[in-house]
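> Have a look at this prediction, sequence included:
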Amino acid sequence: MAVCIAVIAKENYPLYIRSIPAEHELKFHYTVHTSLDVVDEKVSAMGKALVDQRELYLGLLYPTEDYKVYGYVTNSKVKFVMVVDSSNTALRDNEIRSMFRKLHNSYTDVMCNPFYNPGDRIHSRAFDNMVTSMMVQVC
Amino acid sequence: MTVHNLYLFDRDGVCLHYSEWHRKKQAGIPKEEEYKLMYGMLFSIRSFVSKMSPVDMKDGFLAFQTSRYKLHYYETPTGVKVVMNTDLGVGPIRDVLHHIYSGLYVELVVKNPLCPLGQTVQSELFRSRLDAYVRSLPFFSARAG
Amino acid sequence: MSRQANRGTESKKMYWYLPFPLPSASLRLMSSELFTLTYGALVTQLCKDYENDEDVNKQLDKMGYNIGVRLIEDFLARSNVGRCHDFRETADVIAKVAFKMYLGITPSITNWSPAGDEFSLILENNPLVDFVELPDNHSSLIYSNLLCGVLRGALEMVQMAVDVKFVQDTLKGDGVTEIRMRFIKRIEDNLPAGEE
Amino acid sequence: MSVPDYMQCAEDHQTLLVVVQPVGIVSEENFFRIYKRISSVSQINVRDSQRVLYIRYRHHYPPENNEWGDFQTHRKVVGLITVTDCFSAKDWPQTFEKFHVQKEIYGSTLYDSRLFVFGLQGEIAEQPRTDVAFYPNYDECESVEKRIEDFIESLFIVLESKRLDRATDKSGDKIPLLCVPFEKKDFVGLDTDSRHYKKRCQGRMRKHVGDLCLQAGMLQDSLVHYHMSVELLRSVNDFLWLGAALEGLCSASVIYHYPGGTGGKAGVRRLQGTSLPADSGNRHRPGALTTNGINADTSTEIGRAKNCLSPEDIIDKYKEAISYYSKYKNAGVIELEACVKAVRVLAIQKRSMEASEFLQNAVYINLRQLSEEEKIQRYSILSELYELIGFHRKSAFFKRVAAMQCVAPSIAEPGWRACYKLLLETLPGYSLSLDPKDFNKGTHRGWAAVQMRLLHELVYASRRMGNPALSVRHLSFLLQTMLDFLSDQEKKDVTQSLESYTSKCPGTMELISLPDGLNLPPVPFTKLPIVRRVKLLNLPASLQPQKMKSLLGQSMSTKSPFIYSPIIAHNRGEERSKKIDFQWVQGDVCEVQLMVYNPMPFELRVENMGLITSGVEFESLPAALSLPAESGLYPVTLVGVPQSTGQITINGYHTTVFGVFSDCLLDSLPGIKTNGSTVEVIPALPRLQISTSLPRSARTLQPASGDEISTNVSVQLYNGETQQLDIKLENIGSEPLETLEVTSKILATKEKLYGDFLSWKLEETLAQFPLLPGKTATFTVNIKVKLDFSCQENLLQDLNDDGISVSGLPLSSPFRQVVKPRVDSKPANPPEGSKAGDFSHVKTLEAILNFKYSGGPGHVDGFYRNLSLGIHVEAEPSVFFTRVSTLPATSTRQCHLLLDVFNSTEHELTISAKSNEELILHAGECQRMAIQVDKFNFESISESPAERTQFTNHKQLEEERQEARGLEINSKLDIHWNIISFGSVEGILNQLVLEHLQLAPLQWETLLQNPSISHMLPTLVRHFPSYIIGYKSTENAERFSYTAK
Amino acid sequence: FVALFLLLHNEMVTGVYKSQEQGEVENGRCITKLENMGFRVGQGLIERFTKDTARFKDELDIMKFIYKDFWTTVFKKQIDNLRTNHQGIYVLQGNKFRLLTQMSSGKQYLDHAPKYLAFTCGLIRGGLSNLGIKSIVTAEVSAMPTCKFQVIIQTM
């Protein structure tokens, strides 16, 4: 269902980005890159905002004519961005949320792999598989 | 009732620790010699006991006593031996010896990276705790005996 | 180091106290992770220090051994397990008590050699390798080799010379992790030299 | 309505639109001079009222926009000012005509107009006219501003009148229906009597009046009117106008809340233009709101501000308005502009999220086909707005789109410069700096994909701009900083294009500064190749300068403070600054070794790679190398010659790769290892080269101490032979060789050495000093080997075994065995065995000659050099004493000593004992010689107490005795020989022979107590069987010699 | 696990120091090595621990978390107190520090203490840094097994 999934480091560079179809990858690079403006805005707003809005899930960042872009920020300031085909109306907010949870869990495992240096690009079979599962399983 | 002294040997007969409380008579030989003697004795008793044993036995011997004192013996499968001499009044104290092993030796020596195994224990902590523990024993008393 | 700390603590006047926290849940799980990650850090560090995997394996085994010789004492102290009569009993104790106690898993004991001096421990899941993905350039690394050392060291302390090695490893794509143990000989203890 | 004004902002609603235009030919310069002055009058207080009038000037305005004037009156051109040149009266009429033509364009909406005529004088200029002003020239027109103010006054009067009669007309009589252009046709045949229709008319009119009030500076009234019109229009679902009414409401409220203006710079400009201070607004509308929000006490204002929207409402109303606009595609521009206005307001309110939503919406409003220029303008404005709300990435994105638009294929002549400029502006948005230094800290943490794309575009644009230097710089930068992210193919491509560019314009280390102030720092290729280690090398041992009394600072301790945090990295710095504890020598070639490797998937050619140094003047000798693809670490040695003395520091190295020059400084290299980079250069020293008469030896000897040997020579000598070694000393340096000391060191050998092995006289050599550069001197060393060739018993035995007691016949010689080995050879020595035997005669001696020399300035500073020559000598004996026996002489004090002497050389030699005459031995010949000797007593020699004390150890004592005896006998017998063909070979009896002699009954007790006979027993047995039979310890000489017979 | 971790840690320390003996014998390096291992572990742990917690408000919030959940889970017992001067310096004090209790109580072996604390310092620093707080963590032992960890926040 997701057409592009990206993991972005604390310092706002991609740790992982995958999209279908792969050829459009660069385009998605731009989509995700620009979406960070919104992420930053939301996070900083959260800083101001009081206890209420303290969820890791940021919800819809912005819609473009043919995509919806969702965001999620971990406590370690790592960002997950998911681009979904806006034609795909079946997706409820909760499903997106749970997808992000899955993503986060999987990322955590990557972080715990002793052979992974935090901050490097993610090369992990496990993570790949998980992402693929999210990309393909069309509803 | 009273506690005379205590030996702690390891598998290879090294005397890891010795301390005494109410020891009325010294062997009159250098301590090193004494340890060797003690260990030698235990070793032989042990082997005799198991040789002579009419049934297949597990824990080796637990104690022996003379008319004046009683020697309590505790040995782990790893060959650590705790030996305590008390007067005759003291009953079986396996649990005490076990605690000296598990509660003190293992905790404070084995788990202390700074205490190399197979050598006399230097840790003050161990010594003080051991002393405190023994003194706290119900059958430890200066007056008696 | 004290020098270090003094700088900060002593000089700063105004302090402020927090209430005591309530111990959080699922401690056990977390601390197992602490162990797993620490082990991971160790292995990777070794990989940095030694260029080839064989040396790392050796080092792991050596460290394992050193741990084993101490761990056994802790084990005996906490479990009131006595001397074992035969190798089968030992196998049981290792699998059912030791592994349970220290790694929270109970490997199954299988394919005994006819002579009864060799058996395999099958670990369905090996806590050491949660999260681990071996990079391709470490194909010959035996990640969990520490365990072999531990077992070797521990058993040696109870007068059993054994040979321990991994024959299967989930990290290498095998279905399960299998540790093969072979009994070599019983180490008779004897009087230290200079005794008569 | 087609041309959007992206700069428009809410407060523009209160302005009157005045168009200023030239007619006829007016130089642009002049026009804008005057335009500036006119537009400076943008705000005036209407006399006898608190109201302020704002004017918006345009020098060009599309008439079709004007048609929307009824919809929003600030779009209506109400004033026209034309500027013209006119120099002669006769031109005047048509000039004036032109003015009227011009007026026609906006005629429908104009309130009033003016004509400014420049240059015309004379009677026409005299007659005063309200609508025309004459000025002699552009410099003398002081009254312009005044004129404008009057003009505005008149505009105001008209405005005011319109406002009044519109505001006052009663709902009774018919109100015209105001329309926007595209509505006109829809309204034919509408029931103009329906209440619905009336309401619509009223609503629209109200709205219109609201506009007028706003323009007339009556904010409150406008608010009231807008509110009313909103109600009216809502009731009749007149959405387009409802939108307008709502927007009017917003505008008014914005003006009320944000007197500073929302248009950013534009707003500021407006205020600067005025004579009033920036806070003038406040004076007119006390208690107005600061940009930060509602002012603390608005109590006094409540009455006034009751109709005013709160900041939040403003946005909601904008939203609503826009949603209505969006129903009409012809109102696209209105909608678009409304969005922009809203965004500007939100920007001030710091509500970026909502702002971005408005912008998002604006992005998707598609107007009719825009021209490329319009597109560019649109994208850049979007970019600006995003910047305004702090969405830098988004802003950069649109800037980039704009840039691409500049060079869209559809454009006739693409604006590469513009494109390039815009691209540069996007850099911050992609957090990309063009300074390679920012990339030195470890791995690059940035959004490589987009950054690379941008760099590629920069390269391309700059190339199309025809500025190869730029493209090279950008491309180098791309290669250097993005290397890790380039695929192998990309690496190939990039380097190829780079090479093709540099072929025209090589890359330099200069800083390129761009017109708009941006600087492009140079990009040294520190990754092509990657340098891992830099190691300054010591001079070869023979050239290392030594200090007379060495005192060199040892490495300082680098004890890290006890902080846990990976600050260890710091001590890399220390490492580098650390001084090295060897020196280089002025004028001598010095080497620095770099461990480099090539990260590229193809061979890397590096031209003129050389050292960058500071301190001592240094002549660097660049090298060229080519590294295999993805080479592992690869040693490269860079050399140079220090020309002066002092401290020299290696700061880095320079290279040329792909036609780009790079200066790579060590400090800017991450994770590089050095052994220090500063070394002392000491004054020049001479260089000594030695050559000898002897052949160089293949095998080099291993000296015990560290000093290695530059040359080795070897020579074979007969034992006792003396050989002269001529050494040629040449000064191949550039300094005079002033001093020379020669020392020798004999390498540990078990051999006992008689006499001195090496001897020389330095004087005559030194006589030739100082040795100037290029000059040579000779130095002679005498090599003399006197060795003890004992333990050749085998030889003796052989002889004895073949049972010839008295010899003289060649066949008894071992030499003969060598010549033709016996068939029935005993296992003891098989044919080769004998050969081996021969070999074993050769003994080797090794020594080192040390030349310690100095000269020139280095000498003055107390430095010297050490050169050592290894000497390898193989000595073989020339004479063997194959058999020894004694005969009693007539006197018991004497005896005859019989020696079988064997000449093992290929030369004829003569041998003689003290008294006897010379005996000639031919090559390989063996003869017996008899010598009469006195018996003597060894004890006398060895028993001296002195020695006793000296040699406590028994064994030593024994040896000493032996030797002493040997010498004693030697001197007694004084046997010597020489090989006739070449110089004297002074022979000595070897230890063994001496032992034999001692066996002889010269003194018996000695023998017994002498342990050294033990190994001789076999011989003994043969010689003196009886002695063996009866262990008669007190044998006497006669008895013995007797039995011997 | 407890015992196992303890022994593993001890073995690591000795291991590192042994490996140094053949090689550059620089105390600083060993400490750093241990510290770095701890750092990496800290990063990993915090990632897991914070997976399900709400977003942190501020530095103090984070410090509280570190010393509550983090510490407690890592060392089985809550830290005895946390103090701060509100200027980026925090002091966590453990009166019975797990890695020291079995060693000694008092001055004996004091000079060995540093190497058995380096890892923990790294652990804390790693955790913090992963939460976006750069810091220097030092430890102080005046008498074992009490131990103070001082966190100095690096404001950049």
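Yes, it's here.
> Assign a three-state SS to the residue of chain A found nearest chain B, would you?
Nearest residue of chain A to chain B (C-beta to the nearest C-beta) works out as A:Pro114 at 22.9 Å. Backbone N, C-alpha and C define where each C-beta goes, glycine included. The three-state label given to A:Pro114 by DSSP: H, G, I helix; E, B strand; the rest coil is coil.
> right, is the helix ranked longest in chain C up against chain A?
Longest helix in chain C by number of residues (criterion: DSSP state H): helix C:53-78. No - shown here: helix C:53-78 not in contact with chain A (C-beta under 8 Å from any C-beta of the partner chain), separated by at least 12.5 Å.
> again with stretch D:421-429
No - using C-beta under 8 Å from any C-beta, stretch D:421-429 stays clear of chain A, with a minimum separation of 9.1 Å.
> Distance from the chain centre to that stretch, please.
With C-alpha atoms, centre = their mean, to the nearest Å as the basis, stretch D:421-429 stands 26 Å off its chain's centre.
> Now it - C-alpha only, CSV.
Output of stretch D:421-429 as CSV, limited to C-alpha atoms (Å, rounded to 0.1, in the frame of the first residue of the first chain):
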residue,chain,number,x,y,z
LYS,D,421,21.8,31.9,-10.0
LEU,D,422,18.5,30.4,-8.8
LEU,D,423,20.2,27.0,-8.3
LEU,D,424,22.8,28.6,-6.1
GLU,D,425,20.0,30.1,-4.0
THR,D,426,18.6,26.6,-3.4
LEU,D,427,21.9,25.4,-1.8
PRO,D,428,20.9,26.3,1.8
GLY,D,429,17.6,24.5,1.3
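> average pLDDT for it?
For stretch D:421-429, mean pLDDT is 88.
> Identify the residues contacting it?
D:380, D:392-393, D:395-397, D:399-400, D:402-403, D:406, D:433-434, D:454, D:457-458, D:461, D:514, D:516, D:518 (C-beta atoms under 8 Å, 6 or more residues apart in numbering or on different chains).
> Flag the shaky bits of chain A, pLDDT-wise.
Across chain A, the ranges flagged by pLDDT under 70 are A:47-54, A:136-139.
> related to what we said a few turns ago, give the burial count for the closest residue to the residue of chain A closest to chain B other than its chain neighbours, as a bare number.
Leaving aside its sequence neighbours, A:Pro114 sits nearest to C:Gly40 (C-beta to C-beta, 6 or more residues apart in numbering or on different chains; 2.8 Å). Applying other C-beta atoms under 10 Å in any protein chain shown, we find 25 residues neighbouring C:Gly40.
> Indicate the residue of chain E located nearest to chain C.
E:Glu140 (3.0 Å).
> re the thing from before, just the buried ones from the contacts of stretch D:421-429?
Listed as buried from the contacts of stretch D:421-429 are D:380, D:392-393, D:395-397, D:399-400, D:402-403, D:406, D:434, D:454, D:457-458, D:461; burial here means 16 or more other C-beta atoms under 10 Å in any protein chain shown.
> Remind me what the helix of greatest length in chain A packs against, helices and strands.
Across chain A, the helix with the greatest residue count (assigned by DSSP H) is helix A:25-48. Using 3 or more C-beta pairs under 8 Å, 6 or more residues apart in numbering or on different chains; DSSP states H and E as the contact test, the elements touching helix A:25-48 are strand A:2-8, strand A:14-19, strand A:57-63, strand A:67-73, strand A:79-85, helix D:352-364, helix D:392-406, helix D:448-464.
> Centre of the chain to it, how far?
Its chain's average C-alpha position is 10 Å from that of helix A:25-48, according to C-alpha atoms, centre = their mean.
> what does that helix contact?
Everything outside helix A:25-48 that qualifies as a contact, by C-beta under 8 Å, 6+ apart, is A:3-4, A:6, A:8, A:12, A:14, A:17, A:19, A:53-54, A:58, A:61-62, A:64, A:67, A:69, A:71, A:73, A:79, A:81, A:83, D:352-353, D:356, D:386, D:390-394, D:397, D:430, D:447, D:449-450, D:453, E:55, E:57.
> Understood, closing this out.
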